[in-house]
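Colleague: predicted structure and sequence below. I'll ask about it afterward.
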Amino acid sequence: MFKNLKTAAALALSAAMLLATAACGTTDTTTDSTTGTASNATEGYDLSGVKTNDAVAALLPSKVKSAGKLTVGMELSYAPAEFLAEDGKTPVGYDVDIATAIGKIAGVKTEIVSSTFDSIVPSVGSKYDLGITAMTITKERLEAVDFVSYYKSGFSWIVKKGNPNKVDTTQLCGLKIAVQTGTVQEEEANKAAEQCKADGKDATEVLSTKLQTDAATSVVTGKADVFYADSPVGGYAISQTGGELEMLGDVEGTAKQGVAIAKGDEEMDKFIQAAVQELMDDGTYGKILKHWGVESGAIDKAEINPTDLA
């Protein structure tokens, strides 16, 4: 459900990121993420320490070994999971780092293919080997592709460090809530405001902005009491404000996300499960998530087609 509302979550933490979102377009382009790095504030995690694991590499499907590269479909407009750096060309984000690390552990290059979100599931197994794009695992999608779980996402409330305004998310009346325009969080905040009005309580003011960065800034400057966002977006904002913000309470409404694999491709399923599990076990996975400020969504077990989707 989260990535389906991408207009809701395609944030830009700088003007360059906003341009990068526009640059994604609908035409597929490719970038070698094994060698491409961005020398700027949105540089990915240093993966130079990730070495080939022979046991995992032995599971790599022969067609990928022959090609010497693992191709991965992504929609590059969803920071901090996957987006374009300030140069407008280099894919960065935790999904990019994870995809690159999967390739490195198997001894092949990872090639990111920029695609529209709704084209990724139909194209897995034909246009590219995998889809890694903050995609929530749903029963409907499981009918079309296989998944290996690697992350969980939900909604989060973000306040100024120490919660000086004593925000209580069970009592929203009277608060100023910052949200991004067009998001499910905006819809929920507006519903809460309407309910407060209907109940004759203090008015709730919903401050809607086009950029998540502006929502975060509203809280830092005191213009808003709290902002409401997808949990990885909120975590990234916290990491980018030098400790001026913090998460209030726990992540709400979590759902697992997965690597999409062609339906019935058991060989690829087993390889991806082994590769992701190895990255979890050796600590690389956790370091990547921490680098992007999204470690609250970490899971400890990579599963093929999990039955528990929460």
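Modeller: Arrived safely.
Colleague: look up how far V276 lies from E303.
Modeller: Taking C-beta to C-beta, to the nearest Å as the measure, E303 falls 10 Å from V276. For the C-beta atoms, the positions are set from N, CA and C on the backbone; glycine is no exception.
Colleague: quickly find the element holding A237.
Modeller: Counting by DSSP states H and E, the element that carries A237 is helix 231-240.
Colleague: and the next helix or strand past that helix?
Modeller: strand 245-262.
Colleague: show me what that next one is packed against.
Modeller: strand 130-131, strand 145-160, helix 212-221, helix 231-240, helix 266-281 (3 or more C-beta pairs under 8 Å, 6 or more residues apart in numbering; DSSP states H and E).
Colleague: okay, domains of this protein per the record?
Modeller: As recorded under automatic domain parsing, the domains making up the chain are 3-153+254-297, 155-253.
Colleague: find the residue ranges of this protein scoring beneath the pLDDT cut-off.
Modeller: For the chain, the stretches with pLDDT under 70 are 1-41.
Colleague: all strands of it, in order?
Modeller: 29-32, 69-74, 83-84, 91-92, 109-114, 130-131, 145-160, 176-180, 205-209, 226-230, 245-262 (DSSP state E).
Colleague: now the longest one against strand 226-230, angle please.
Modeller: For strand 245-262 against strand 226-230, the angle by axes from the mean of the first three to the mean of the last three C-alpha atoms, to 10 degrees is 10 degrees.
Colleague: send the alpha carbons of strand 245-262 over as CSV?
Modeller: What follows is strand 245-262, C-alpha atoms only, in CSV (Å, rounded to 0.1, in the frame of the first residue of the first chain):
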residue,chain,number,x,y,z
LEU,A,245,13.9,15.6,15.4
GLU,A,246,12.9,12.3,16.9
MET,A,247,10.2,9.6,16.3
LEU,A,248,7.3,9.7,18.7
GLY,A,249,6.2,6.2,19.7
ASP,A,250,6.4,3.2,17.4
VAL,A,251,6.0,2.8,13.7
GLU,A,252,2.3,2.2,12.9
GLY,A,253,0.7,-0.1,10.4
THR,A,254,3.8,-2.0,9.3
ALA,A,255,3.9,-4.2,6.3
LYS,A,256,6.8,-6.3,4.8
GLN,A,257,8.5,-5.2,1.6
GLY,A,258,10.2,-7.7,-0.8
VAL,A,259,12.5,-8.3,-3.7
ALA,A,260,10.2,-9.2,-6.6
ILE,A,261,11.3,-12.3,-8.6
ALA,A,262,9.7,-14.0,-11.6
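Colleague: chain center to it: distance?
Modeller: 8 Å (C-alpha atoms, centre = their mean, to the nearest Å).
Colleague: heads up, I number from 47, so please use that
Modeller: Sure, I'll start counting at 47 from here, so that last one is strand 291-308.
Colleague: related to what we said a few turns ago, which of the helices and strands packed on strand 291-308 sits closest to V225?
Modeller: Closest to V225 of the helices and strands packed on strand 291-308, according to C-beta to C-beta: helix 258-267, at 6.2 Å.
Colleague: show residues contacting the closest one.
Modeller: 55, 57-60, 204-206, 222, 224-226, 253, 255, 269-273, 275, 279, 283, 286-287, 290-291 (C-beta atoms under 8 Å, 6 or more residues apart in numbering).
Colleague: now do 6 Å
Modeller: If you take C-beta atoms under 6 Å, 6 or more residues apart in numbering as the criterion, helix 258-267 is touched by 57, 59, 206, 224, 226, 253, 255, 270, 273, 275, 279, 283, 287, 290.
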